[in-house]
Structures are given as C-alpha cells and as structure tokens.
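[1] need coordinates for the following:
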Amino acid sequence: MPIPIVTHTQFNWDCDHPTPERPLTMSGRDLPADAHLLSHHHPWGQFTYAVQGVMRVTANNSSWIVPPQRAIWIAPNVVHAVTVLEPTRLRPLCVHAGHSPFAGDECRVLEVSGLLRELIATLEQHDQHEQSGRERLLGELILDELPRCAVRPIRVPLPADKRLKSLCDALIADPGAELTLQQWAGQVGASDRTLTRLFERELGMGFVQWRQQVRLAHAAPLIARGVPLSQVAAELGYASQSAFSAMFKKTFGNSPSAFFDQR
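    Numbering: from 1, shown residues only. Below is the predicted model of the structure:
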C-alpha cells in the first residue's frame, strides 16, 4: 500500500470508514515534525500506532505522549487533536463503535505486542479498498489482541481552574523549574493548601506526581531524537542522569533507552 507523505502543517486521515461488515480499516501516514491534526471527532474508535517518531494527542482534558512502537486508543466520538513532535510513521486503525476493544471514552497509550505489530504489518500489505477473507481474519485477530496490550502511563491531565491552569501552563513551558508548591502559590494567587486540593480534585494526583508526568512527556521527544540522557536529565531539573533514569524505571519498569528503543 503506497504511503502518502504530508509536507504541509495540517493534515487529515485518509481512512475508509469502518462498517459492521468491515469493522476495522487501516490507513498510513508519514508525517514531518510539527504537523497538526486540528480538534475533531468521528463515530468510530481509532487505534493510532507510531511505528517511528513521537506524537502528542490532546483529548478529554488531558495530553498523551505516544513514543515509537506504542499506540493510543481514542474512543468513538471523543474530540481530539494530534501534534507530531518528531518525524513519525503512523498506522491508524479505524474501529467500528460496535467492535470497540475497550469500554468507555478513556484514552490510553498501549505497548504494542510483537504479535500485534506483525498483524498490523501484514494487514498493511493488503489493498485497503478491497476486502478479502484473509483481511477479515487479520482484523479479527487484531481486535482480539488490542485489549491484551499493556497500558503505559504517559498522560498529563489538564485543569480547568484558572489559578491551577496558570501554574500548569508555566510548568509545561519549563518542566525543569524547581519551585516548590508554596512558591508557585505566591505566583498564581492561591494558597498552597488550595492548590493541593485543586491538584487532587481536578487532576487526580499531587503536585509532585503531576510535575513528574510533565517531565516524562517532555523527555519523550528528546530521548527519541537521541539527545544524551545526561542532557535530558539536566534540562528537566534532575541532579544527575542516574536520578532521572531511576525515576523513569520506577514509572515504566525499564530504562529510558530500552523504553524508546525503536526495535
């Protein structure tokens, strides 16, 4: 299947709409850095697989970072936008709402298993405009394998409260900032106790955990680009490369180099 190359900033998916008779369809995109897909939604679910590169997906008041060899599930009718952070090879799978592998409207970043990776690669060889018995079987296997994939916690929830949003926007712009919550409170016009309550109520986590998620999200495109870990650690405010690597391994179960290995 020929893969179109997009050379301008905004792009659209070119994907046959899934139907009850053909519940899974596939398209392909090779995208440059800084390509954008503006906010939109569709009645089918989308499993977007990054063979190479890094993208950011914004939906449900959260932002997800999708590194290479990972994928994100976007449920039917969820409004979402996509920004490409590094040149990326995407393989989106469109899934009919009646065959969604996950319940609810939660987005999630998934580890693509070896079996799923090979199934997608095999499906890509088929003419996507013609359905065959083999394509149907591949689709059934893919839909069976999707919910078995491990979920990766690369999510940054975003707040609605203006005071907390001011703090979060500043940290997203400068994730290496080392201000304490009390120091941030003086800048955004709220007490540290109020901010603590807002973090738990609106974001479901504390300040330190949220800041860690932001730093991991910021690290993703840097590591995928090959920036030395020592430089990434320094940019994100860690005292040493080992301190950053220890935090990363505690969160994801393996080292940064292993996690971003494009295999």
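[2] which parts of the stretch 151-263 of the chain are strands?
    In the stretch 151-263 of the chain, the strands defined using DSSP state E, counting those that start in this stretch lie at 151-152, 155-157.
[3] format these as a markdown table; extra columns: mean pLDDT, mean neighbour count and distance to Ala234.
    Every C-beta, even on glycine, is put in place using the N, C-alpha and C of the backbone. Formatted as a markdown table, these follow (pLDDT from 0 to 100; neighbours: other C-beta atoms under 10 Å; distance: least, C-beta to C-beta, whole Å):
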| stretch | mean pLDDT | mean neighbour count | distance to Ala234 |
| --- | --- | --- | --- |
| strand 151-152 | 80 | 17 | 25 |
| strand 155-157 | 83 | 20 | 21 |
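[4] separation between His42 and Cys107?
    According to C-beta to C-beta, to the nearest Å, His42 stands 14 Å off from Cys107.
[5] neighbour-wise, which of these two wins?
    A count of neighbours by other C-beta atoms under 10 Å puts Cys107 above the other of His42 and Cys107, at 21 against 18.
[6] tell me the confidence at the more buried one?
    Note on Cys107: pLDDT of 91.
[7] same check, this time on Gly28
    Reading off the confidence values, Gly28 has pLDDT 79.
[8] quick one, phi/psi of it?
    Per-residue torsions, Gly28: phi -140, psi 150 (degrees, to the nearest 10).
[9] so it is in contact with Glu124, correct?
    Yes. If you go by C-beta atoms under 8 Å, Gly28 and Glu124 touch, sitting 6.7 Å apart.
[10] higher neighbour count, those two?
    Higher neighbour count among Gly28 and Glu124: Gly28, with 19 against 16, using other C-beta under 10 Å.
[11] would you mind measuring from that one to Gly53?
    Counting by C-beta to C-beta, the gap from Gly28 to Gly53 is 13 Å.
[12] now for these two: what residues contact both?
    The contact sets of Gly28 and Gly53 overlap at 89-90 (C-beta atoms under 8 Å, 6 or more residues apart in numbering).
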